Every structure is written in structure tokens, then in C-alpha cells.
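**Q** Below: sequence and its predicted model.
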Amino acid sequence: MALIRSIIHMLWMAITVVPYTLAIVLGSLFGARGAPLYRIARAWLALCVHSARPLLGIHYRVTGMEHLPQGEKSGAVLLCKHQSTYETFLMPAIMPHPLAYVFKKELLYVPFFGWSIGRLDMIHIDRSLRAQSFNKVVQQGKTLLAKGIWIIMFPEGTRVERGHKGQYKNGGTRLAIDTGAPVIPIAVTSAKVWPRKAFIKRPGVVDVSIGPAIPSAGRQPDELMREVEAWIEAEMRRLDPDAYPANANANANALSAPARGDSAD
């Protein structure tokens, strides 16, 4: 049943992406820029997320929205745990500000999806040109943040398996420091229902926990990233304790301790 539901949802996304992409491409050809195109893209992403509930049995639960900066032009750099495709669709659907992803340029060549994001206010980079790529991120990031567009990055760089931790890179904290924007750490448990690189999805709840804003002024990139990493990884263990062996062992010991005491009596 899970396979059939996953096929149906994939077909739904594949079919619906076509008219939304055409709307974005045609809109850009007729001079539309910025917010109007983003709203079209966001509508499709929200459609995919919301359709996952009846088709896949997947829904989400968000805490910490009160930690997000207030104000129409308030800037932020969102640094998010990355376990599956789900959060890349979910974040624009739930955030109160438009988001700009920093992504590798190869995604521009993905049919329909890539054609759309290439016309939005996003930041695509060439990973082989690291110094030039980061300069581009800072330059475009400052422009976008000034418009009230938040920058979102996955500090581990790629999707990681449930219960695992990738290497946190300091590009996001460097950007925050260079632009003066606060950092918002975000933990996401999407791999519980939508595993990394898996086609078959399982019903369940994706928890999204938004941490308190961390000021970037006067900080060093590595030191700031260590704080972000510590918060995200601790929060992941709180949200999904069964995914982490140390947590599971500690829980098992805690549960077995009363039983040993009862038997001793």
C-alpha cells in the first residue's frame, strides 16, 4: 500500500509541476519578477506538502514560530537540518517571508523544477569555484536580505540519514556575519517518514523545531556554526530519540531500572 501511495503522490507532483512551471516561465517572459513568481512557486510547493497528508499520510507539526524575526524587512539566515526532499518543499510553505535557497547550479537543468527556480530570486553556485561562489552568495544575499527575503541553507551540504550527522560547513554563518543577519537554527525529523533517497514514504508526523535567533554580530564563523550545530543536533535527539543509539540505550536503562528494583524486592 505504501508503494502505491508513493507512486500516486509522485505522479501528482509530476503532473502539477507542469502548469505551475509554465506560469512561471510565461510570467517571466512577460516581465514578471520577484514576488509574483515566488508566489506561484510557493503555491505548488504548498500543494505538494498538503497533498502528502491524504495521499501519503504525512503531515507536519511546527514549534518555535515565535522565534522568527518580526518586521517586513527583518533579515534572517535559516540553517536547517536536511534529511529529505520534504523540508525543501515545506519551508517556503510555512515561512512568513519569501525564501531564497543557495543551491548547486546543476539543479537548473532538472526539467520543469530547474526551469522554475532559475527564474526566481535564488542563489545558484558552482561548487568547483568556492571563493567566487561564496562572494556571489554574499553579494546576492545582501541584496535579497535588504528586500526582506530570507536566505535558507543546509549547513551539512547534503541530505543525511536518520540518526546521522553530516559535517557542518560554515558558509551559512559566514554569510550571516557578513550581512549582519541573525541565524535561525531549525531541526527537522523528515527522515522518519520520507527517508533519504527513498521512493517509498511512510505515514507519520514530521516535527519542525525553530530555535531562538542567534545574533551574528561580533562572532566568528566556526564558533557560531558550532553553536548552531550543537542546538540542532541536541534538538534532533529530543524530537527523534529512537534514531540515536545512545538515547535509545539510555531510555532502555531508565525503563529497566525500576523493574530490577521490583524483582530485588
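**A** Now that the structure is in, tell me what you want to look at.

**Q** what about the strands in the stretch 51-200 of the chain?
**A** Along the stretch 51-200 of the chain, the segments classed as strands by DSSP state E, counting those that start in this stretch run 58-63, 77-80, 99-104, 123-125, 150-153, 183-188.

**Q** which one of these has the lowest average pLDDT?
**A** Mean pLDDT is lowest for strand 123-125 out of the strands of the stretch 51-200 of the chain, coming in at a mean of 79.

**Q** Who are the packing partners of that strand?
**A** Secondary structure elements in contact with strand 123-125, counted by 3 or more C-beta pairs under 8 Å, 6 or more residues apart in numbering; DSSP states H and E, are strand 99-104, helix 130-146. Where C-beta positions appear, they are placed from N, C-alpha and C, glycine not excepted.

**Q** Give me the residues contacting it.
**A** 100-105, 107-108, 117-118, 133, 136-137, 140-141, 144, 151 (C-beta atoms under 8 Å, 6 or more residues apart in numbering).

**Q** at 6 Å what do you get?
**A** For strand 123-125, the external contacting residues (C-beta atoms under 6 Å, 6 or more residues apart in numbering) are 100, 102-103, 105, 133, 137, 140.

**Q** repeat for stretch 174-183
**A** 75-77, 79, 137-138, 141-142, 145, 213-216, 219, 221, 228.

**Q** From one end of it to the other, what's the distance?
**A** 10 Å (C-alpha to C-alpha, to the nearest Å).

**Q** just how off-centre is that stretch within its chain?
**A** 18 Å (C-alpha atoms, centre = their mean, to the nearest Å).

**Q** And for stretch 136-148?
**A** In this view, stretch 136-148 has its centroid 19 Å away from the chain centroid, taken as C-alpha atoms, centre = their mean.
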